[in-house]
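Trainee: take this sequence and fold it.
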Amino acid sequence: LEYYDFLQIKYKYQTFSKIEERVKNHILPFFKDYFVINIKHYDVINWMKYIDSNNYSYNYCSSLFSALSDILGYAVSFYGLNENIAKKVGNFPKKKPKKEISFWTFEEYNKFISCIPDRLYKTFFETLYSTGMRQGECIALKWSDFKEDFIEVNKTISKTKYNGEYVINSPKTASSCRIIYIDEKLKKSLNDLLEQEKNKENFNSNWFIFGGNKPLSATTILRKKNYYCEISNVKKIRIHEFRHSHATLLLSKGIPITVISQRLGHSNIEMTLNTYSHLIKEDEKKATMLLNELKTSLNFFLVLIN
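Mentor: Below you'll find the model as predicted:
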């Protein structure tokens, strides 16, 4: 409990809740019969084998290791534990292949969106696809954040509730606070939804765009997404992959990676490059083909004039 109090002071609620989940579900069950002072290197190794047997992604395994190491580090700092044995053992080796990014083509997205009759959910999914926002950022939007030509992203909402209440935080990083300019179609969809909402009693600009006086539930969004995937007969992608679909579409149309990185709110361009490196390689092939075509045309022209 004391360690949890420490985490709540140190982190935003959304981050705290993730760490708490990792500790409760993956660390305490294994080490419940141990005193911290008695944990040896082989205990940590056996725990790592246990975690690895679940076939989690490298990033998730690494986050679990960090949680364990932080607990032991806390004991070193405040309770006189001699050393952080997890640090000596070292993190999971980065041996698992990176998961392939799944996304929709523009045609798949159109099949999906055309099957949604409900204006609220149709506009929500259109906003995700057309802006590349994270789900929490999109759910947290209020009408005051809609500025006709752009959307101002300045907050996010936790997927989990605290004491029954939604938790609104500042975005993931400082660069996540951004302005995203929107296309005419999305602008019309948002204005149509706004006119619909204005007819409701007590409407004001502090209402959530997606939900009214309360934001949409993440579980309801997931259920609706899966349902519309089924009836439109398109492959199921995760909510976060609407974001990948947005970035992929822009890359395929030649939009500079710097612009895409800004729209996504990435803290640096390297993050964008690493995430979409496979698509950039395809662009390199296109560049080579273009050079071949240009040089072939030039050689043909030189032959003609000579």
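
Trainee: for the helix or strand hosting Glu137, packing partners?
Mentor: Per DSSP states H and E, Glu137 falls inside helix 135-139. If you count contacts as 3 or more CB pairs under 8 Å, 6 or more residues apart in numbering; DSSP states H and E, helix 135-139 packs onto helix 119-131, strand 156-157, helix 218-232. (C-beta placed from N, C-alpha, C; glycine too.)

Trainee: show me what contacts Lys40?
Mentor: Applying CB atoms under 8 Å, 6 or more residues apart in numbering to Lys40 gives the contacts Ile85.

Trainee: the chain should start at 61 in everything you say after this.
Mentor: Yep, numbering from 61; the last one is Lys100 now.

Trainee: state the distance from it to Asn151.
Mentor: From Lys100 across to Asn151, the span is 18 Å (CB to CB, to the nearest Å).

Trainee: just to revisit the earlier point, what comes up buried for the helix or strand following the helix holding Glu197?
Mentor: The helix or strand immediately downstream of helix 195-199 is strand 210-213, counting by DSSP H and E. Using 16 or more other CB atoms under 10 Å as the test for burial, strand 210-213 gives Ile211, Val213.

Trainee: contacting residues around Asp243?
Mentor: Counted by CB under 8 Å, 6+ apart, Asp243 has contacts Ser190.

Trainee: Tyr139 now?
Mentor: With CB under 8 Å, 6+ apart, Tyr139 has these contacts: Val96.

Trainee: how far does stretch 69-83 sit from its chain's centre?
Mentor: Here stretch 69-83 is found 17 Å from its chain centre; the criterion is CA atoms, centre = their mean, to the nearest Å.

Trainee: brain fart, stretch 206-217
Mentor: 17 Å.

Trainee: and the nearest residue to Ile87 once chain neighbours are set aside, how many residues sit next to it?
Mentor: Counting by CB to CB, 6 or more residues apart in numbering, the nearest residue to Ile87 once its immediate chain neighbours are dropped is Leu128, at 5.5 Å. Neighbours of Leu128 under the rule other CB atoms under 10 Å: 24.

Trainee: excluding its backbone neighbours, what's nearest Leu201?
Mentor: Closest residue to Leu201 apart from its sequence neighbours, by CB to CB, 6+ apart: Ile269 at 4.5 Å.

Trainee: quick one, phi psi at that neighbour?
Mentor: phi -60, psi -40 (degrees, to the nearest 10).

Trainee: so it sits against Asn251, correct?
Mentor: No: applying CB atoms under 8 Å as the test, Ile269 and Asn251 come out as separate, 11.3 Å apart.

Trainee: cool, thanks, signing off.
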